[in-house]
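A.B. asks: only geometry, no sequence info:
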């Protein structure tokens, strides 16, 4: 009987952990989609807001340069959540863009690292904004 009760306890704990991971990943998909929309529409202040507040340093990227960037395509290539706890997601995104003054389309692969902050119950971009050159 004790083994049966212990087995049920273990299964319920594993089940709760699994549900939490699924919930976090569903939340991540929403956040990632909103971030992608901000990049596609050129709203870099909003995109920068997906980073941790203490890391939000607008002066770190050239505002004059980035305001001339027009994104033509934002395509998710892959997304890999950490297996053990679902607190980190690595994803690669192909971004096609051009500088409004040069009119030459370029492509970059943006390798993103997202982390879940368990105290704030929110996802944050750790890898920074795309490096448009």
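C.D. replies: That came in fine, so what should we check first? Since we're looking at a predicted model, the values are computed, not measured.

A.B. asks: helices and strands of the chain: which one bottoms out on pLDDT?
C.D. replies: Taking mean pLDDT, DSSP states H and E as the measure, the chain has helix 63-66 as its least confident helix or strand, at a mean of 71.

A.B. asks: so what touches the following helix or strand past that one?
C.D. replies: Using DSSP states H and E, the helix or strand that follows helix 63-66 in sequence is strand 69-81. Contacts with strand 69-81, where a contact means Cβ atoms under 8 Å, 6 or more residues apart in numbering, come from 21, 25, 28, 32, 36, 39-42, 88-100, 105, 109, 132. For the C-beta atoms, the positions are set from N, CA and C on the backbone; glycine is no exception.

A.B. asks: same deal with stretch 91-105?
C.D. replies: Contacts of stretch 91-105 (Cβ under 8 Å, 6+ apart): 32, 36, 39, 68-80, 106-112, 114, 130, 132.

A.B. asks: quick one: mean pLDDT over that stretch.
C.D. replies: Stretch 91-105 shows a mean pLDDT of 94.

A.B. asks: list the buried residues in stretch 92-100.
C.D. replies: 93, 95, 97-99 (16 or more other Cβ atoms under 10 Å).

A.B. asks: now intersect the contacts of strand 69-81 with the strands, please.
C.D. replies: Among these, the ones falling in strands (DSSP state E) are 88-99, 105, 109.

A.B. asks: nearest to residue 118, of those residues?
C.D. replies: Closest approach between those and residue 118, by Cβ to Cβ: residue 88, at 11.8 Å.

A.B. asks: wouldn't that closest one be in contact with residue 116 here?
C.D. replies: Yes: using Cβ atoms under 8 Å, residue 88 is in contact with residue 116, at 7.3 Å.
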